[in-house]
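S.K.: Need coordinates for the following:
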Amino acid sequence: MMKNLFLASALLLSADGFAPQIQRPAFHTNLHAVPAGSNANEINPMTPGSTCALVTPYTESGKIDVPALRKLLRFHVENETDGLCILGTTGEAAVMSMDERATVLKTAVEEVKGKIPILAGTGTIDPVHVKEMTLQAIDIGCDASLVVTPYYVKPPARGLVKHFLAMADLGLPVVIYNIPGRAQVDFKPESIALVADHPNIIGVKEATGDVTRVDQLRDLTGDKLLLLSGDDKTDAEFVLRGGDGCISVTANVAPKQKHDLMIAALKGDTDEIASINAKLDPVTAALFVESSPMPCKYALKKMGMIDQSFARPPLDDLDPKYYGDVETALRGAGIIGDIYTQDTVLLGGA
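M.R.: Numbers count the residues shown, from 1 in each chain. Presented below is the predicted three-dimensional model:
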């Protein structure tokens, strides 16, 4: 079943006289395949643009900070984020229990279901646990699952093909997450092409930083998949080459700017891209001075969006020697000022 998810974006682009330079795909999902839960007829399709890889806030005692999470979710609705990736690497999903996952996902569904597509991270090494997390996401009401290539064990290409087909058979639309730098396995375009015809495999988060992957994937899969960059440094170039958007860490602190950047890239407006990135590039650099999401959580605390900035072990608080780097970048982008006001943050900065 083919669904034209690009229609809204195309209408937006035509409204002000711009036209996309590349024909964007019509993406597909098979709602009839959902075997369980109450989500079968309530799938909100993933769309082009900026999907934020959301952090998970904690209380001082280390529990999920539900009020802060609600605040972050509303922040993204107000600032035009196009999608939310919940419980990915940035969300510290690897160190959460199933009960904690349920708390985070239920909160997201309560706050943004029907407003922003909810992409739930459900990937890990063990396929049995991937299935368990995916079925939980279906039951709670998520719109799609982000499934990373099983890391550390280095499965062969045929094993990856079987893995993703099995997860897609569960019924929830799947975005493949290819990140060889962390997973130590590369799901290459020729192998992705072998699963692209499954009606529930709807996209790829390509986090190699190699923008030529867009060309390879388009050549092999045509318009079947939503192609999302997983690299904040190169996402605009990725979209200019024919990609559809990004899954972004930077969008946590600059959601409106990241949305605007992706719209500019979809339009092919290189002048606007340069203007936005002049302020955004230093922010992105600062958010990766140590392992993510530590710098991002410190930035959100400085913005007044969360109360605690620590990440769960084996991560930690951001090293204080980097505080100045993060704060300088946020001020340079107009995200915080010398005198902080909540209005500055809600308006997405300068």
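
S.K.: Show me the helices in the stretch 51-200 of the chain, by range?
M.R.: Under the criterion DSSP state H, counting those that start in this stretch, the stretch 51-200 of the chain contains helices at 66-78, 98-112, 127-140, 157-168, 180-183, 189-192.

S.K.: Can I get those helices in CSV including mean neighbour count and mean pLDDT?
M.R.: (Glycine included, C-beta is placed from N, CA and C.) CSV is the format used below for the helices of the stretch 51-200 of the chain (neighbours: other Cβ atoms under 10 Å; pLDDT from 0 to 100):
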stretch, mean neighbour count, mean pLDDT
helix 66-78, 18, 98
helix 98-112, 18, 97
helix 127-140, 18, 97
helix 157-168, 18, 97
helix 180-183, 15, 90
helix 189-192, 19, 97
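
S.K.: right, and L54 touches E92 too?
M.R.: No. L54 is beyond contact range of E92, at 10.4 Å (criterion: Cβ atoms under 8 Å).

S.K.: So those two - more neighbours on which side?
M.R.: L54 (28 against 20; other Cβ atoms under 10 Å).

S.K.: Show me where the stretch 251-350 of the chain dips below the pLDDT cut-off.
M.R.: 338-350 (pLDDT under 70).

S.K.: Burial check on T284, number of neighbours?
M.R.: Neighbours around T284, by other Cβ under 10 Å: 21.

S.K.: Please renumber the chain so that the first residue is 22 from this point on.
M.R.: Okay, residue one is now 22; in that scheme the one you just asked about reads as T305.

S.K.: Tell me which residues are up against stretch 166-173.
M.R.: Residues outside stretch 166-173 that contact it (Cβ atoms under 8 Å, 6 or more residues apart in numbering) are 106, 109-110, 140-148, 151, 154-155, 158, 176, 181, 184-185, 188, 193-201, 203-208, 226, 268.

S.K.: Swap in 7 Å and give it another go.
M.R.: Applying Cβ atoms under 7 Å, 6 or more residues apart in numbering, the external contacts of stretch 166-173 come out as 106, 109, 140-144, 146, 151, 155, 158, 181, 184-185, 188, 193, 195-200, 203-206, 208, 226.

S.K.: M315 is nearest to which of the helices of the stretch 72-221 of the chain?
M.R.: Closest approach to M315 among the helices of the stretch 72-221 of the chain is made by helix 201-204 (15.4 Å; Cβ to Cβ).

S.K.: Can I get that closest one in PDB, CA atoms only?
M.R.: Listed next in PDB are the C-alpha coordinates belonging to helix 201-204 (Å, rounded to 0.1, in the frame of the first residue of the first chain):
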ATOM      1  CA  PRO A 201      28.400   1.400  11.700                       C
ATOM      2  CA  GLY A 202      30.500   3.700  13.800                       C
ATOM      3  CA  ARG A 203      28.700   2.500  16.900                       C
ATOM      4  CA  ALA A 204      27.300  -0.800  15.800                       C
END
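
S.K.: Who are the packing partners of that helix?
M.R.: With contacts defined as 3 or more Cβ pairs under 7 Å, 6 or more residues apart in numbering; DSSP states H and E, helix 201-204 has no helix or strand neighbours.

S.K.: what about P334, how many residues close to it?
M.R.: Neighbours of P334 (other Cβ under 10 Å): 8.

S.K.: May I have the secondary structure class of it?
M.R.: coil (DSSP: H, G, I helix; E, B strand; the rest coil).

S.K.: Without its sequence neighbours, what residue ends up closest to it?
M.R.: Closest residue in space to P334, ignoring its immediate chain neighbours: V116 at 7.4 Å, by Cβ to Cβ, 6 or more residues apart in numbering.

S.K.: Report pLDDT for the one you found.
M.R.: On pLDDT, V116 comes in at 97.

S.K.: Ok, A214 next?
M.R.: 98.

S.K.: So what's the residue count around the closest residue to it other than its chain neighbours?
M.R.: Distance criterion Cβ to Cβ, 6+ apart; nearest residue to A214, sequence neighbours excluded, is L241 at 4.0 Å. L241 has 17 neighbours, counted by other Cβ under 10 Å.

S.K.: mind listing what L241 touches?
M.R.: So L241 contacts 210-211, 214 (Cβ under 7 Å, 6+ apart).

S.K.: export the residues you listed to CSV and tack on distance to M326?
M.R.: Output for these, formatted as CSV (distance: Cβ to Cβ, whole Å):
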residue, distance to M326
P210, 37
E211, 42
A214, 40
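
S.K.: Among these, which one sits closest to P334?
M.R.: After measuring the contacts of L241 against P334 - Cβ to Cβ - the closest member comes out as P210, at 36.3 Å.

S.K.: who touches the closest one in this structure?
M.R.: 234, 237-238, 241.

S.K.: my read: E258 touches V232, true?
M.R.: Yes. Judged on Cβ atoms under 7 Å, E258 makes contact with V232 at a distance of 5.0 Å.

S.K.: Between these two, which is the more surrounded one?
M.R.: V232 (20 against 16).

S.K.: how far away is that one from I213?
M.R.: 16 Å (Cβ to Cβ, to the nearest Å).
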